[in-house]
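Trainee: Below are the sequence and a predicted model for it; my questions follow.
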Amino acid sequence: MDAKEILAATRRAISECAGSDPDRLFYVNRFVFARLQVDERKTKTKIKKELLDADSPSCGYSGCTHGGSIESRRGIHLHRRNTTRGYSRDNCVLMHADCHTKYHAEHPPVPRDETSDVDERDAGSAILEKESKRYEGQRFLYWWDLSPGSLDRLDRYEAVEFLKKDTGERCHVPVPALKGYLTEERRTNRHGGNWGIKVLKEEEDQLAFEPGVKTDRWLYLPVVWFHEEQED
């Protein structure tokens, strides 16, 4: 089976499981999405730990401004040498967060081959980091804003990392999945139409996308929170 056939089979299985129940369809679809994220995270965590535990781990960016050496486990990203291949020990190197961002700024995405069944763009394995402090006395606990101007720039990243500044917990949301929630109707009246993303007190295992000026409906995306040094 190729990628499109697997996707079609998965959609059929989800539809058969949910039947005519829209709530179950929503739950099963989000459950599968979240679990696949966990599976990929386990692979990344294992490879990253192996590289960090090696003798004298170093940054894979040739223009590293940190002297090339990695002194701390914090703020270190996993980078794929060949972005058309998956995460494996021989295809991955470590990079400081700022080095990773510089690398992808110097290596913009390659246009997609429309004849391919798999999107082989260099969507970049860089992670866009978004921090939030903890908000007390509110319905929500954490809050991130994304501006309309940042929408096109998201394509240079593989995922957006939402970070809880007080606990260090973070989650990763693939850019294609995130952009599906950033619709025109969900733009707010803040700062020229920012999108608001929150963690609500009663929904801490999900990102909550604020209603916009054209809708009063919240949308939710299940996520998995982890610590940077956490082993899955």
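Mentor: In hand now; what should we look at?
Trainee: so is the most centrally placed residue in the chain in a helix, a strand, or just coil?
Mentor: Residue closest to the average C-alpha location in the chain (Cα atoms, centre = their mean): residue 173, at 2.6 Å. Assigned with DSSP: H, G, I helix; E, B strand; the rest coil, residue 173 falls in the strand class.
Trainee: just the strands in this structure please.
Mentor: 76-80, 92-96, 127-132, 140-146, 159-164, 170-174, 195-200, 206-209, 219-222 (DSSP state E).
Trainee: Now the last one: average pLDDT?
Mentor: Regarding strand 219-222, the rounded mean pLDDT is 90.
Trainee: which parts of that strand are buried?
Mentor: The neighbour-count check on strand 219-222 (16 or more other Cβ atoms under 10 Å) flags 219, 221, 222 as buried. The way it works is simple: take the backbone N, C-alpha and C, and place the C-beta from them, glycine included.
Trainee: contact partners of that strand?
Mentor: 30-31, 33-34, 173, 177, 181, 186, 203, 205-209 (Cβ atoms under 8 Å, 6 or more residues apart in numbering).
Trainee: in the longest helix belonging to the chain, what's buried?
Mentor: With secondary structure taken from DSSP state H, the chain has its longest helix at helix 22-53. Buried residues in helix 22-53, counted by 16+ other Cβ under 10 Å: 28, 29, 34, 37, 41, 44, 45, 47, 48, 51.
Trainee: What residue spans form the domains of the chain?
Mentor: 1-40, 54-110, 126-232 (automatic domain parsing).
Trainee: Any stretches of this protein with poor pLDDT?
Mentor: 109-125, 228-232 (pLDDT under 70).
Trainee: switch the cut-off to 80
Mentor: For the chain, the stretches with pLDDT under 80 are 26, 30, 34, 37-38, 41, 83-84, 107-127, 156, 158, 226-232.
Trainee: burial of the nearest residue to residue 98 once chain neighbours are set aside, as a residue count?
Mentor: Closest residue to residue 98 apart from its sequence neighbours, by Cβ to Cβ, 6 or more residues apart in numbering: residue 65 at 7.6 Å. The criterion is other Cβ atoms under 10 Å. On that basis, residue 65 has 11 neighbouring residues.
Trainee: before we move on, what about the one 4 residues further on?
Mentor: Around residue 69 there are 10 other residues, counting by other Cβ under 10 Å.
Trainee: tell me the contacts of the residue nearest to it when sequence neighbours are not counted?
Mentor: Residue nearest to residue 69 in three dimensions, not counting chain neighbours: residue 58, with 5.8 Å by Cβ to Cβ, 6+ apart. Counting by Cβ under 8 Å, 6+ apart, residue 58 makes contact with 68, 69, 70, 94.
Trainee: where does the residue nearest to the residue nearest to the centre of the chain when sequence neighbours are not counted sit relative to residue 72, distance-wise?
Mentor: Closest residue to residue 173 apart from its sequence neighbours, by Cβ to Cβ, 6+ apart: residue 160 at 5.3 Å. Noted for residue 160: a distance of 23 Å to residue 72, by Cβ to Cβ, to the nearest Å.
Trainee: Looking at those two now, which is surrounded by more residues?
Mentor: Neighbour totals were compared for residue 160 and residue 72, and residue 160 leads with 23 against 9 (other Cβ under 10 Å).
Trainee: Thanks a lot, see you next time.
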